[in-house]
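> got a structure for you, letters missing:
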């Protein structure tokens, strides 16, 4: 064999090697199980930073967008609560909306699609709400329902809505929910369609790319089904189906292109809307246009800030919907205060991207998330799972170790508030958990000991609440209530009191005295709280 032939043979073998390598790489490339993975950021409620999305600055949004992208999310939905902006649009509110437009652009910079969420027919009763900056408004008790069967009300409302959307003209999709909040009893599907027809005109006229900017009806609790809290009632699935079915049938016939569906499902089939809306979309051959919102898979709503791991629920729900992995457009998850449930957010995206990830154990998922953030698993895992652990499983020095964490890389600093504040939050939650478990670890031999234990437990609970100041949909100035504490923590104290307290009046007075003396709670609040325990 000549030298030339030897060289040509080597070149041929090299070519074959690289062709084989390319073939294997392409064959093994991971295609997403669900084509799109979205996350809904809820701005409805106002409590402490960085727990409430409503308190985030532009930088926090930008960080969260990049964090979501790294987790394998491809879409984000935002509810900035345009319903808290009265008509006519003031100059101050116009400036605020223009600033929010930049947040949508930041989502695009993170390579996420960005959806803008609104309800169908709510607007402030008066201009009084405008006394506060837009981001600080809590409008739940100051909304009015626009009757879309009234020509006069509908005309004024749609003009106001159009002016705001003309500014926020850079979203990839415009989502409108059928209720909760919004809607009214007896509302007709054709009336809801009016909103989308108006939105289409606005987007076509002002949108940055109208041919690709979609309208998305959020099929949820049934347009016209009933009212509660300014929105539609939670009826059993069998009662919701006629309402959601009627709107979906009409939209299939009359909705202007381009449009999609966001079909919301509950965390289980026998609760609220169950899986009715998903199954309806399938029966109407609309799955190719449908995104599935897996409501409460990641976090229940409403719920106080707490490290509640919901891996089993995520497994169950994504397995339920895996039938549609190749036919649906994608899946969405949601959380009202994302910072405390980041492990759930991570798991939901990873599993939606690759359904085989559902087979990982809880500990493997948490380790993967710790590695993702660049932090020590042996410190972060017990912190994330602290509410599932007993006193023996929580090292006394865990808060100190959390505060001394040094993350590798910059991923953890993408958490809104930054990595330093994040580990401080985890440390304070762990401290609260340890103190609560210590206070309820042993029986009380005397009333005095019982009072000391109860006061210690309440102090632990209140101190954690003072970190986040969660008040559901109330004003930030609301006084402390056990309703603002996760039920899993309250039940520990109530169960202990049920066994240990025999002379409730004596113990109550002693506990109230300790709490007020130590400035944990004012006396009148302490008295009301302690009485509720017995």
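The structure has been received and is ready for your questions. Every value quoted in this text rests on a predicted model; they were computed, and no experiment measured them.

> could you use CA atoms for every contact and neighbour count after this?
OK.

> which ones are touching residue 526?
512, 515-516 (C-alpha atoms under 8 Å, 6 or more residues apart in numbering).

> shaky segments in this protein?
For the chain, applying pLDDT under 70 flags the ranges 1-30, 227-235.

> ramachandran angles for the most centrally placed residue in it?
By C-alpha atoms, centre = their mean, the chain has its centre lying nearest to residue 335, at 1.4 Å. Note on residue 335: its backbone torsions stand at phi -160, psi 140 [degrees, to the nearest 10].

> so it versus residue 106, what's the distance?
20 Å (C-alpha to C-alpha, to the nearest Å).

> and residue 66, by the same measure?
Distance from residue 66 to residue 106, by C-alpha to C-alpha: 9 Å.

> same check on residue 411?
Taking C-alpha to C-alpha, one finds residue 411 at 17 Å from residue 106.

> can you check residue 156 too?
32 Å.

> next: residue 464.
Applying C-alpha to C-alpha to residue 464 and residue 106 gives a distance of 32 Å.

> equivalent analysis for residue 251, please.
Between residue 251 and residue 106 the computed distance is 31 Å (C-alpha to C-alpha).

> for this structure, which segments are assigned as strands?
For the chain, the strands defined by DSSP state E occupy 36-42, 75-79, 113-119, 122-124, 143-145, 173-177, 214-219, 261-265, 290-294, 330-335.

> tilt between the third one and strand 36-42?
Regarding strand 113-119 and strand 36-42, their directions subtend 40 degrees when assessed with axes from the mean of the first three to the mean of the last three C-alpha atoms, to 10 degrees.

> quickly run through the sheet partners of strand 113-119, with directions.
Strand 113-119 pairs in its sheet with strand 75-79 (parallel), strand 173-177 (parallel), by DSSP bridges.

> returning to what we had before: can you add distance to residue 490 and give the strands of the chain back as a markdown table?
Conversion of the strands of the chain to a markdown table gives the following (distance: least, C-alpha to C-alpha, whole Å):
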| stretch | distance to residue 490 |
| --- | --- |
| strand 36-42 | 26 |
| strand 75-79 | 31 |
| strand 113-119 | 34 |
| strand 122-124 | 35 |
| strand 143-145 | 33 |
| strand 173-177 | 34 |
| strand 214-219 | 35 |
| strand 261-265 | 29 |
| strand 290-294 | 28 |
| strand 330-335 | 22 |
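
> so which of the ones you listed gets nearest residue 371?
Closest approach to residue 371 among the strands of the chain (C-alpha to C-alpha): strand 36-42, 21.5 Å.

> who does the closest one pair up with?
Here, using DSSP bridges, strand 36-42 pairs with strand 75-79 (parallel), strand 330-335 (parallel).

> and these: which comes nearest residue 197?
Judging the strands paired with strand 36-42 by C-alpha to C-alpha, what sits closest to residue 197 is strand 75-79, at 20.5 Å.

> now do that closest one: everything it contacts.
In contact with strand 75-79 (C-alpha under 8 Å, 6+ apart) are residues 36-44, 65, 107, 112-118.

> how about a cut-off of 7 Å?
The contact list for strand 75-79, computed with C-alpha atoms under 7 Å, 6 or more residues apart in numbering, reads 37-43, 112-118.

> so what does the closest residue in space to residue 384 that isn't next to it in sequence look like in phi/psi?
Closest residue to residue 384 apart from its sequence neighbours, by C-alpha to C-alpha, 6 or more residues apart in numbering: residue 307 at 5.9 Å. For residue 307, the backbone dihedrals (degrees, to the nearest 10) come out as phi -80, psi 70.

> I'd say residue 307 and residue 342 touch.
No. Applying C-alpha atoms under 7 Å, one finds residue 307 not in contact with residue 342, separated by 8.7 Å.

> the more surrounded of these two?
residue 307 (23 against 19; other C-alpha atoms under 10 Å).

> residues contacting that one?
Counting by C-alpha under 7 Å, 6+ apart, residue 307 has contacts 340-341, 384-385, 387.

> which one of residue 156 and residue 106 has more residues nearby?
The residue with more neighbours, out of residue 156 and residue 106, is residue 106; 20 against 13, by other C-alpha under 10 Å.

> so the more buried one touches residue 60, yeah?
No. Using C-alpha under 7 Å, residue 106 makes no contact with residue 60, being 10.5 Å away.

> before we move on, back to that, of the strands paired with strand 113-119, which is nearest residue 138?
The closest approach between residue 138 and any of the strands paired with strand 113-119, judged by C-alpha to C-alpha, belongs to strand 75-79 at 13.4 Å.
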